[in-house]
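>>> sequence and predicted structure, then a few things I'm wondering about:
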Number of protein chains: 2
Amino acid sequence: MALGNNVLVGQSGGPTAAINASLAGVVGAARAAGLHTVGMRYGIQGLLDGRTVNLDEHVASPAQLELLSHTPSSYLGSCRYKLPDPSTDETTYRTLFKRFSEFGACAVLYIGGNDSMDTIAKLSRYGEAIGSKIRFVGVPKTIDNDLILTDHTPGYGSAAKFIAATVDELACDADVYDLKSVTFVEIMGRDAGWLAASAALAGEAGGHAPDLVLLPEVPLDEQDLLQRLAELIAEKNTVVVAVSEGVRTADGTLICERAGSTARVDAFGHAAALSGTSRYLADVAHRELGCKTRAVELCTTQRCAAHLASQTDLTEASGLGARGVNAALDGASGVMSALTRVSDAPYEVRYELVDVNRVANAVKAVPAEMIREDGMGVTETYLRYARPLIAGEPSLSFVGGVPAHVALLA
Amino acid sequence: MALGNNVLVGQSGGPTAAINASLAGVVGAARAAGLHTVGMRYGIQGLLDGRTVNLDEHVASPAQLELLSHTPSSYLGSCRYKLPDPSTDETTYRTLFKRFSEFGACAVLYIGGNDSMDTIAKLSRYGEAIGSKIRFVGVPKTIDNDLILTDHTPGYGSAAKFIAATVDELACDADVYDLKSVTFVEIMGRDAGWLAASAALAGEAGGHAPDLVLLPEVPLDEQDLLQRLAELIAEKNTVVVAVSEGVRTADGTLICERAGSTARVDAFGHAAALSGTSRYLADVAHRELGCKTRAVELCTTQRCAAHLASQTDLTEASGLGARGVNAALDGASGVMSALTRVSDAPYEVRYELVDVNRVANAVKAVPAEMIREDGMGVTETYLRYARPLIAGEPSLSFVGGVPAHVALLA
């Protein structure tokens, strides 16, 4: 069957403040190549039901494309759908490839995290097996920054910028009364501590870096923590702790499980919607140290705060979307567009392609050299790595006092 | 005793994103009049111990004064100290007036909410009784917007802008999967629903206004709410409810008390640090409606998000600080600087003086004409009132990717 001249694009997994910039990058590159772009509504899952939108129509002008880049959430909608193993269930694949043909796809781009790369890996392998000419390319995205084979992941820089600015503001706020207090700020990241680590950037503009940063990579000993907090609170009024929702004790128990939260599990077997870590630690610290404690959960604000996105992040997100399209047009399949860092200062990255099969389902934790020796903070190596990622502020248009964005699809 | 030529200024109560702009307004106006400014550390409570800072030294240049306006939290530190009745305990007043003399005060400015106006009212009455020439002037501040005799209160516009932008982002984020969900966004406001109401501004830029807004002014009937949610969720995928932390049932029980939270009481007898309302409602809705629910607490971020302050708010906060100083220099005492609205569009306000005795301890609730007939939303009258308050974005300087501000005092 002849290839169509449409790029089919989907978004998958949790949204980020930069995922629509990647979509804009895909649409822009496809247009530049004279191709049309069709969006999957709710990812692969929606496509199975034939749910698509014509992006040439919905995001027609360059001005709308620019506004799309500043739109929070996933414009196309998302799913957390795991493709079956083709050897046990081929039906789904047959349906999908039928859809690809129906929508005239020459290339399928999927913007997502490691689960989405699993989808691209499976589709490209199946496509190759049946002799399809359609190209399958992954475009990385995740606030968690836990994809391997890329220096960092779009979405991380914007979340990190929001976290850094907010932790600084919260630290200032916590310091307002003349009393001893410990504030726990709970930050996303179920398996990797990259997001919690970014709280350390709060100190960059003469602001307040948190005193402690607790990462899932380091088992938490409650007694050690209390001891350290007692020392800190003896020295100063206001102690701030950034804590990852994924922090665990040495036996692997999530702190939020001790808090009585139910850690739900999604289709990929990942614990989803963790919460209660900061509340639990605040209660324990209040009981043991006798001082005022406060728990602040940044919740989903940290992944959708388009109003405080990193321009570096948006530029790279768009660039990786465009790189993905161009790779597909060059004949590549089973690849993910990725970033290789050339230098920290001046900051420079190269856009590359990597084997999506290697990325799928792997997780990149915060490495030891970025974790402070006491296990409760980050090192200058981390700060050097992270600083450029939160640099730059997009020029946002405000309407009626709030940031403008494209209307989400009905 | 001769009057000194220092303006003594303090900040009291919870911080806002605009309270330091008022401080900058006070310092600027005092300087313009050739006076020095001495800041009380931790308000009246710190002053009792003689804790002050020389603001001529700490915030010396116009550039630093400008940066002070964009600094989150209360620069001078704050207290929640209630002055005793002078007829039963005069000692505190004697100490305070001794301090006023020691620090060469010709005027005492106190930036705060209705509790702080209680302080100014008592000091001015006592001062008059003992024949002191020192002027006592209040400068309004509270994110709660619940002060009477002023059209609105500095701090409210910035909190409202952050809430509106964030609720829009959260609503976009909630809409990402193809499933039914109800998101409860919990917003501050123990007695008045002004802050929760501001969530309705989320719809201004083509964004997503919440479907329901639950205010403390309207007793909540859980069955009515569930019925309304069932209707909404039958019509659409994503339902968003903005809920005030102060929402109560008809018998006056706080919803967060039903959630098992302990509502602590501060020195003024106010319930402080409420939380758990959104969690409770999300659990009830999940159980009764069977759909996905999510609870998001905006916590203290909403009062310290200087990065998304309203320029209108900052300008007025500064103007009210300056007006307070000039009133004192003109001989006024026992007054609060206040705003009278001249027109909604074009937006215009007049800076006035009002009797601080009337402001003290009173609370302005959201009036009936601003509440939707079903009691679960706001009217166009509210939107007309609130729109100008969130207008305008300050030009912030970013350093290292995060907003710059003056360093807090050690």
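It's in.
>>> tell me where the stretch 151-300 of chain A has helices.
A:156-174, A:194-198, A:222-235, A:255-258, A:277-289 (DSSP state H, counting those that start in this stretch).
>>> output the fourth one as PDB, nothing but the C-alphas.
Which is helix A:255-258. What follows is helix A:255-258, C-alpha atoms only, in PDB (Å, rounded to 0.1, in the frame of the first residue of the first chain):
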ATOM      1  CA  ILE A 255       6.900   6.800  53.300                       C
ATOM      2  CA  CYS A 256       3.500   7.600  51.900                       C
ATOM      3  CA  GLU A 257       2.400   4.000  52.600                       C
ATOM      4  CA  ARG A 258       3.300   4.600  56.300                       C
END
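>>> neighbours of the residue of the stretch 1-150 of chain A found nearest chain B, how many?
Closest residue of the stretch 1-150 of chain A to chain B, C-beta to the nearest C-beta: residue A:73 (3.6 Å). Glycine gets a C-beta too; all of them are placed from N, C-alpha and C. Residues near residue A:73, counting by other C-beta atoms under 10 Å in any protein chain shown, number 30.
>>> ok so, going back, worst average pLDDT in the helices of the stretch 151-300 of chain A?
Note on the helices of the stretch 151-300 of chain A: lowest mean pLDDT is at helix A:255-258, with a mean of 82.
>>> who are the packing partners of it?
helix A:277-289 (3 or more C-beta pairs under 8 Å, 6 or more residues apart in numbering or on different chains; DSSP states H and E).
>>> again, only using 10 Å
The contact analysis (3 or more C-beta pairs under 10 Å, 6 or more residues apart in numbering or on different chains; DSSP states H and E) places helix A:255-258 against strand A:238-244, helix A:277-289.
>>> wait, which of the ones you listed is closest to residue B:409?
strand A:238-244 (11.8 Å; C-beta to C-beta).
>>> what does the stretch 201-350 of chain A put close to chain B?
A:201-208, A:236-238, A:273, A:275-276, A:278-279, A:292, A:294-301, A:303-308, A:310-312 (C-beta under 10 Å from any C-beta of the partner chain).
>>> kindly recompute the last result at 8 Å.
A:201-202, A:204-208, A:273, A:294, A:296-301, A:303-308, A:310 (C-beta under 8 Å from any C-beta of the partner chain).
>>> the nearest residue to residue A:218 once chain neighbours are set aside: which element?
Using C-beta to C-beta, 6 or more residues apart in numbering or on different chains and skipping the chain neighbours, the partner closest in space to residue A:218 is residue A:375 (3.9 Å). Secondary structure from DSSP states H and E places residue A:375 outside every helix and strand.
>>> residue A:375 against residue A:221, yeah?
No - counting by C-beta atoms under 8 Å, residue A:375 stays clear of residue A:221, with 9.1 Å between them.
>>> which one of these two is surrounded by more residues?
Here residue A:375 and residue A:221 are compared on neighbour count by other C-beta under 10 Å; more neighbours surround residue A:375, at 17 against 13.
>>> chain center to stretch A:148-168: distance?
Distance, stretch centre to chain centre, for stretch A:148-168: 8 Å (C-alpha atoms, centre = their mean, to the nearest Å).
>>> actually stretch A:352-368, sorry about that
On C-alpha atoms, centre = their mean, the centre of stretch A:352-368 falls 14 Å from that of its chain.
>>> what pLDDT, on average, does that stretch get?
Rounded mean pLDDT across stretch A:352-368 is 94.
>>> ditto for stretch A:371-387
97.
>>> export it as CSV, just CAs?
In CSV, the C-alpha atoms belonging to stretch A:371-387 read as follows (Å, rounded to 0.1, in the frame of the first residue of the first chain):
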residue,chain,number,x,y,z
ILE,A,371,23.9,13.3,45.7
ARG,A,372,25.4,14.9,48.7
GLU,A,373,27.5,12.7,50.9
ASP,A,374,25.0,12.7,53.8
GLY,A,375,22.3,11.6,51.3
MET,A,376,20.1,14.5,52.1
GLY,A,377,21.0,17.0,49.4
VAL,A,378,22.6,17.5,46.0
THR,A,379,26.0,18.4,44.9
GLU,A,380,27.5,21.2,42.7
THR,A,381,27.6,18.5,39.9
TYR,A,382,23.8,18.4,40.0
LEU,A,383,23.5,22.2,40.1
ARG,A,384,25.9,22.6,37.1
TYR,A,385,23.8,20.0,35.2
ALA,A,386,20.5,21.6,36.1
ARG,A,387,21.1,25.4,36.0
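>>> buried sites along it?
A:371, A:372, A:375, A:376, A:377, A:378, A:379, A:382, A:383, A:385, A:386, A:387 (16 or more other C-beta atoms under 10 Å in any protein chain shown).
>>> pick out the residue of the stretch 301-410 of chain A closest to chain B.
residue A:400 (3.0 Å).
>>> again, but for the stretch 101-250 of chain A
Counting by C-beta to the nearest C-beta, the stretch 101-250 of chain A gets nearest chain B through residue A:204, at 3.0 Å.
>>> identify the residues contacting that residue.
A:164, A:387, B:399, B:400, B:401, B:402 (C-beta atoms under 8 Å, 6 or more residues apart in numbering or on different chains).
>>> among the residues you listed, which are in helices?
Counted as lying in helices by DSSP state H, out of these, are residue A:164.
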